[in-house]
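# Curious how this folds, go ahead:
(2 chains)
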Amino acid sequence: MFLFSIYIYVLFLYPIIKRGVFMSVRVRYAPSPTGLQHIGGVRTALFNYLFARSQGGTFILRIEDTDRERFRQDALEDLFDTMDWLGLSWDEGPITGGSCEPYVQSQRIDLYTEYAGKLVETGNAYPCYCTPERLSALRAQQEQNKSAFVGYDRHCRDLDPTDAPGGVKPVIRLKVPLDGETAFTDLLMGTITRANRDISPDPVLLKSDGFPTYHLANVVDDHLMGITHILRAQEWIPSGPLHVLLYRAFGWEAPKYCHLPMVMGHDGQKLSKRHGSTSVQEFREQGYVPEAMVNYISLLGWSWDGEREFFTREELEKLFTLEKINKAPGVFDYKKLEWFNGHYIRQKSTKELKDLIIPFLERDGVIASPPSPEEQEMVDRMIPIVRERLHLLKDVSDMTRFLFQDVALPPASEIIPKKCDAAVTADILAHAAALLEDMDTADDEVLESRFRAKADELGVKLGAMLMPVRSAVTGSKVSPPLFESLRLLGKQRVLLRMQRALDVMTSEARK
RNA sequence: GUCUCCUUCGUCUAGUGGUUAGGACACCGGGUUUUCAUCCCGGCAACAGGGGUUCGACUCCCCUAGGAGAUGCCA
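Numbering: from 1, shown residues only, chains lettered A, B, ... in the order given. Here you go, the predicted model:
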């Protein structure tokens, strides 16, 4: 019976599984740890992740660290940290492991050597002994001559093995057909065709240091890891046909391709440092929350119905579809991201927001690290009045510093309300102080009507009555709602600061 | 230079032959209000251009223009 099962499996089921009929979606995010995770990479990661989740597929993380020159350990840590922060968990990859281990290319070099060797054996690739010097000289010459043909001149393509120079560690190059054309189907773009003569002339597959280039490693690993769909940025379109050629040379079936629109800066160029923050780390330091990042980025090149704009990651995991991805590149809009951020901050509970802002207050020296019990309490109490005012978490420091520290008095000109002078302002402050006798217990309405009545009596507007108090106590013309702020601070400190302002006003009035 | 891809308000986008071309951000007005913010109301603003196909094109086809990307022993 057991043998019979195996027989059935081999005869019927295995071919079907191999043809992919039952094969579920397997996608990967394959970053190169050469720098901090940036918006473009995160977008690719997100779309791959969402596609996998929406299809009940597998999301794989693979580290493409084949460039030993540019590899950075901190970049790798930043990658894990960023994925974690955004909530993009991978099913297979480093740390988690999986059935296709290892997921770090530098640990798979034997594989690439082996497969490059196969290509040489089958005549699809060849060793090239040209030195980097010769190649750069060649390129310089082509540039100078304005040559129509740019790139490697295929010098070693038909080299007799016996003529190979000794002592030179060769690279392995792909033998790209000289004639014909190669096409592949992109899920978004349709069929993309390229004449073989326009494909990069015999690109390097295996470098002289024994490491593979992206082209080889990517094709070998995607095949070995059973990747079914490749979602990557459109900057890879030109090498699509090249990869197809590689799959063919190996006799493998290529995965499906879906090239994602690029993320641009406001000037239409590929998003870079000069447009503003690009690394996720920078966004975190400014106080963006992951919900806003995920929501905004998901809408960069994708939309649900053009109307709905708020999506949690969990919702996106269900709703995401490749069909709704846009073809055209999109400009990264910092303002809209900020708007999303404000929205998600407003959604936070007191507890959540407290945990989010404390690190910023500590960082900016507004409170001690760790905060004292008094500071903890103040943070708890101030949350309701800062919540709807924050767009970026880092703004909390400037907004609430006056609650924790003594603040400098603004210049006299900023304390004196419009249409008033120093003498009147001093008068206002004196009256205001008197009105605040029971401020810690009176409610806003009572205080306000009291101030309103006094303002009428003095012949000024309510605003003119309040502004000097605001300036004196918060050190700024802009602050959270005044009465609440005063209560947070406590009568003693409030009156002290008002007295100080009053003194300045009186001496100013004597001038 | 060559090759490939792209093209709806300033920006992100909806729209798949017949719509007053819709929404959001930004911006500008107004309201609420104690400054700021939130919130509410209103406004501005787009089918790159030219040819076809069609009774009828933002929608289909062609050309032009513009933009982007690629052209590495980087990914």
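# what residues does the stretch 351-500 of chain A put near RNA strand B?
Within the stretch 351-500 of chain A, the residues that sit near RNA strand B (Cβ under 7 Å from any atom of the strand) are A:388-389, A:444, A:447-448, A:462-463, A:466-467, A:470, A:477-484. Quick note: C-beta positions are derived from backbone N, CA and C, even for glycine.
# And the closest residue to RNA strand B within chain A, how far from residue A:79?
Chain A approaches RNA strand B most closely through residue A:306 (2.3 Å), counting by Cβ to the nearest atom of the strand. Distance of residue A:306 to residue A:79, given as Cβ to Cβ, to the nearest Å: 33 Å.
# if you count what's nearby, which of the two comes out ahead?
For residue A:306 versus residue A:79, neighbours defined as other Cβ atoms under 10 Å are more numerous around residue A:79 (23 against 7).
# helices and strands of chain A: which one has the lowest mean pLDDT?
Sorted by mean pLDDT, DSSP states H and E, the helices and strands of chain A end with helix A:14-19, the least confident at a mean of 46.
# Quick check: next helix or strand after it?
Sequence-wise, the next helix or strand downstream of helix A:14-19 (DSSP states H and E) is strand A:26-29.
# So the helix or strand following that next one, near RNA strand B or not?
Sequence order places helix A:39-54 as the next helix or strand after strand A:26-29, per DSSP H and E. No: using Cβ under 7 Å from any atom of the strand, we find that helix A:39-54 stays clear of RNA strand B, coming within 8.9 Å at best.
# Check the offset of the helix or strand just after helix A:39-54 from the chain's centre.
As assigned by DSSP H and E, the chain's next helix or strand after helix A:39-54 is strand A:58-61. Distance of strand A:58-61 from the chain centroid (Cα atoms, centre = their mean, to the nearest Å) equals 18 Å.
# which helices and strands does the helix or strand just after strand A:58-61 pack with?
Following strand A:58-61 in sequence order, the next helix or strand is helix A:73-86 (DSSP H and E). Helices and strands touching helix A:73-86, by 3 or more Cβ pairs under 8 Å, 6 or more residues apart in numbering; DSSP states H and E, are helix A:39-54, helix A:280-286, helix A:290-298.
# what's in contact with the second one?
Applying Cβ atoms under 8 Å, 6 or more residues apart in numbering, the contact partners of helix A:280-286 are A:36-39, A:42, A:78, A:82, A:85-86, A:277, A:293, A:392-394.
# Find me the pLDDT at residue A:162, would you?
On pLDDT, residue A:162 comes in at 85.
# Equivalent analysis for residue A:437, please.
At residue A:437, the pLDDT value in this model is 89.
# now residue A:417
The predicted local confidence for residue A:417 is 86.
# Do I have it right that it meets residue A:464?
Yes: using Cβ atoms under 8 Å, residue A:417 makes contact with residue A:464 at a distance of 3.8 Å.
# So which bits of the stretch 51-200 of chain A are right by RNA strand B?
A:64, A:66-67, A:69-70, A:130-132, A:135, A:139, A:146, A:148, A:150-152, A:171, A:189-190, A:192-195, A:198, A:200.
# Among these, name the ones in strands.
Using DSSP state E, the subset of these located in strands is A:171, A:190, A:192, A:193, A:194, A:195.
# re earlier: show me the one of the helices and strands packed on helix A:73-86 that comes nearest residue A:501.
Nearest to residue A:501, of all the helices and strands packed on helix A:73-86, is helix A:280-286, at 33.1 Å by Cβ to Cβ.
# chain center to that closest one, what's the gap?
In this view, helix A:280-286 has its centroid 9 Å away from the chain centroid, taken as Cα atoms, centre = their mean.
# Please provide the alpha-carbon coordinates for that helix, formatted as PDB.
This file holds the C-alpha atoms of helix A:280-286, laid out as PDB (Å, rounded to 0.1, in the frame of the first residue of the first chain):
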ATOM      1  CA  VAL A 280      13.400  54.800   7.400                       C
ATOM      2  CA  GLN A 281      15.700  55.600  10.300                       C
ATOM      3  CA  GLU A 282      15.400  59.300   9.500                       C
ATOM      4  CA  PHE A 283      11.600  59.100   9.400                       C
ATOM      5  CA  ARG A 284      11.600  57.300  12.800                       C
ATOM      6  CA  GLU A 285      13.800  60.000  14.300                       C
ATOM      7  CA  GLN A 286      11.300  62.600  13.200                       C
END
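# Just the buried residues of it, please?
The neighbour-count check on helix A:280-286 (16 or more other Cβ atoms under 10 Å) flags A:280, A:281, A:283, A:284, A:286 as buried.
# Is it possible to get CSV of those residues that adds distance to RNA strand B and pLDDT?
Shown next, in CSV, are the buried residues of helix A:280-286 (distance: Cβ to the nearest atom of the strand, whole Å; pLDDT from 0 to 100):
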residue, distance to RNA strand B, pLDDT
A:280, 17, 97
A:281, 19, 97
A:283, 16, 98
A:284, 20, 98
A:286, 16, 97
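# Greatest separation within these: which pair is it?
Among the buried residues of helix A:280-286, the pair separated by the greatest distance (Cβ to Cβ) is A:280 and A:286, at 10.9 Å.
# which among the contacts of helix A:280-286 end up buried?
By 16+ other Cβ under 10 Å, the contacts of helix A:280-286 give A:36-39, A:42, A:78, A:82, A:85-86, A:277, A:293, A:392-394 as buried.
# okay, who's weakest in those by pLDDT?
Among the buried ones among the contacts of helix A:280-286, residue A:277 has the weakest pLDDT, 90.
# Once you drop chain neighbours, what's closest to it?
residue A:283 (5.7 Å; Cβ to Cβ, 6 or more residues apart in numbering).
# Chain neighbours aside, what residue packs nearest to residue A:391?
Excluding the flanking residues, the one nearest residue A:391 by Cβ to Cβ, 6+ apart is residue A:342, at 4.3 Å.
# And the pLDDT for that neighbour?
Looking at residue A:342, its pLDDT reads 98.
# quick one: the strands in the stretch 201-350 of chain A?
With DSSP state E, counting those that start in this stretch as the criterion, the stretch 201-350 of chain A has strands at A:204-206, A:229-233, A:256-260, A:263-264, A:330-331.
# who touches the closest residue to residue A:298 other than its chain neighbours in this structure?
Distances taken as Cβ to Cβ, 6+ apart put residue A:316 closest to residue A:298, at 5.4 Å, once the chain neighbours are dropped. Residue A:316 makes contact with A:50, A:54, A:294, A:298 under the criterion Cβ under 8 Å, 6+ apart.
# In those residues, find the pair that's most separated.
A:54 and A:294 (14.3 Å).
# neighbour-wise, which of those two wins?
Under the criterion of other Cβ under 10 Å, the comparison of residue A:54 against residue A:294 puts residue A:294 first, with 23 against 16.
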